[in-house]
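S.K.: Structure, please.
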Amino acid sequence: MGLDIQEAMEIGNLNNISTDELLSVFNRSFSDYIVPFHLSREQLELKIIADKIDLNLSVGAFESGKLAGFILNAEKEEDGKRIAYNGGTGVVPEFRGQGLVRKMYDYILPVFRERKTDMLTLEVIEGNNPAIRAYENLGFKIVRKLLCFNGIINLEEKSINISIKEIENVQWEILQSFWDIEPSWQSSIMVLEHIRQSCTILGAYKNEQLKGYIIYNPAVKKVYQIAVDQNSRRQGIGTKLLGTIGQMNGGQAVSVNNVDDTSENTSAFLNAAGLKNWVSQFEMKKDI
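M.R.: Next up, the predicted model:
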C-alpha cells in the first residue's frame, strides 16, 4: 500500500531552509503564475532583506522532508499595531489542490495570535481569481487596488528654479506631510529605513525649502516613493525629480509599484513620464 501523500506532508517554519532550496521551490511555484517570473539567488536574497522576511515566522509544507510550498512572512509595528505581511505564497504545481495554503495558515495563525499580531496583509495580482478566493475563504478582504508601472522615463522638463540634491538627514514627518496616500508594505517607512543604505533619496528645494522628494533603489531600479508638497504641485517638481533619476540610471527601465488607484494624479503623471501600468494588484487584509 502506498503512503498517503497527505500523511507525509509536514508543516513547519523555514528557519532551517537553505536559500538554494527556497529559490528552487520559489521559481517552480511561480513558473506558471499569472505573471510568470524567475528570481536569481541574489534577487531572492535582496527580497528577503528588502521585505524584512523573517524565516522563523515563515511557513513551509514539506513532503518527505522536501519543501513543496511556502508562505514568506514579515512583521512590523506601526501606529501601535503589529502587522504581519505575506511577501509571497507559492506551491509547486504537483502539490496544488491539497489545501496547503490553508494548512500553512492554520499552523502560523496561533503563532501570530501569541505574538499579539493585530493584522495580516498581502497583495495578490488582479485576475488571479483562485488565489483571491482562497484568501477570502481565510477571512481576508480586499481593501484597495494597487497599480504597478514600469518603463523608460521620457520627460520634457521645464526650466524651473528648483535645485535637486541628496537628502542626508531624512525627516519622515516632513516627507509624510506631502503624502496623499499610504504606501504599501514594500514602500513603507519601516522597510525603507531597513534598506536606506541601498537607496538614493533626492530632495527638490526652492529657496532652501524642501518641496518634494523621491526615493530610488539603483540596484533594483525601483522608485519606492515620490511626493510633492500639496501647495507646490503642477510646477514641474515631480517631473524634475523623476527626470533626475532617468539621467542617473542612463535611460534604463524603472518600476514604480503599488500606486493606490485612487491617486489619479500620480497615475496620470507616471503615464505622461513614459511608464505603463503593466499589472495591478489587490491589497488584502485580515484582522486577527
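S.K.: going forward, measure contacts between C-alpha atoms and count neighbours the same way
M.R.: Will do.
S.K.: For the nearest residue to Glu75 once chain neighbours are set aside, which residues are in contact?
M.R.: Using CA to CA, 6 or more residues apart in numbering and skipping residues adjacent in sequence, the residue nearest Glu75 is Ala84, 4.2 Å away. Residues counted as contacts of Ala84 (CA atoms under 8 Å, 6 or more residues apart in numbering) are 73-76, 117, 119-121.
S.K.: need the contact list for Ser29.
M.R.: Contacts for Ser29 (CA under 8 Å, 6+ apart) come out as 69, 90-93.
S.K.: ok, now Lys276?
M.R.: Counting by CA under 8 Å, 6+ apart, Lys276 has contacts 149-151, 270.
S.K.: let's see 7 Å
M.R.: Residues in contact with Lys276 (CA atoms under 7 Å, 6 or more residues apart in numbering) are 149-151.
S.K.: Just give me the closest of those residues to Asn161.
M.R.: Gly151 (27.5 Å; CA to CA).
S.K.: That closest one: how many residues sit nearby?
M.R.: Using other CA atoms under 10 Å, Gly151 has 19 other residues around it.
S.K.: Could you double-check that it sits in contact with Asn277?
M.R.: No - between Gly151 and Asn277 there is no contact, the gap being 9.1 Å when judged by CA atoms under 7 Å.
S.K.: quick one: the residue nearest to Gln252 when sequence neighbours are not counted from Gln247, how far?
M.R.: Excluding its sequence neighbours, the residue lying closest to Gln252 (CA to CA, 6+ apart) is Ile152, at 5.9 Å. Distance of Ile152 to Gln247, given as CA to CA, to the nearest Å: 11 Å.
S.K.: More neighbours: those two, which one.
M.R.: Per other CA under 10 Å, whichever of Ile152 and Gln247 has more neighbours is Ile152, with 17 against 11.
S.K.: hey, where'd the helices end up in the stretch 1-150 of the chain?
M.R.: 5-8, 19-30, 41-50, 100-114, 129-137 (DSSP state H, counting those that start in this stretch).
S.K.: Out of the ones you listed, flag the one nearest Lys165.
M.R.: Using CA to CA, the helices of the stretch 1-150 of the chain put helix 41-50 closest to Lys165, at 24.5 Å.
S.K.: from the chain's centre, how far out does the closest one sit?
M.R.: Here the centre of helix 41-50 is set off from its chain's centre by 12 Å, with CA atoms, centre = their mean, to the nearest Å.
S.K.: what's in contact with it?
M.R.: With CA under 7 Å, 6+ apart as the criterion, helix 41-50 contacts 23, 191, 195.
S.K.: buried ones in that helix?
M.R.: Buried residues in helix 41-50, counted by 16 or more other CA atoms under 10 Å: 44, 48, 50.
S.K.: Tell me where the stretch 151-288 of the chain has helices.
M.R.: Under DSSP H, counting those that start in this stretch, the stretch 151-288 of the chain gives helices at 172-176, 189-194, 237-248, 264-272.
S.K.: got a list of contacts for the second one?
M.R.: Okay, so that is helix 189-194. If you take CA under 7 Å, 6+ apart as the criterion, helix 189-194 is touched by 50-52.
S.K.: how about 8 Å then?
M.R.: By CA under 8 Å, 6+ apart, helix 189-194 touches 50-52, 76, 172, 185-186.
S.K.: and if you look at the first one?
M.R.: Under the criterion CA under 8 Å, 6+ apart, residues 189, 212-213, 227 lie in contact with helix 172-176.
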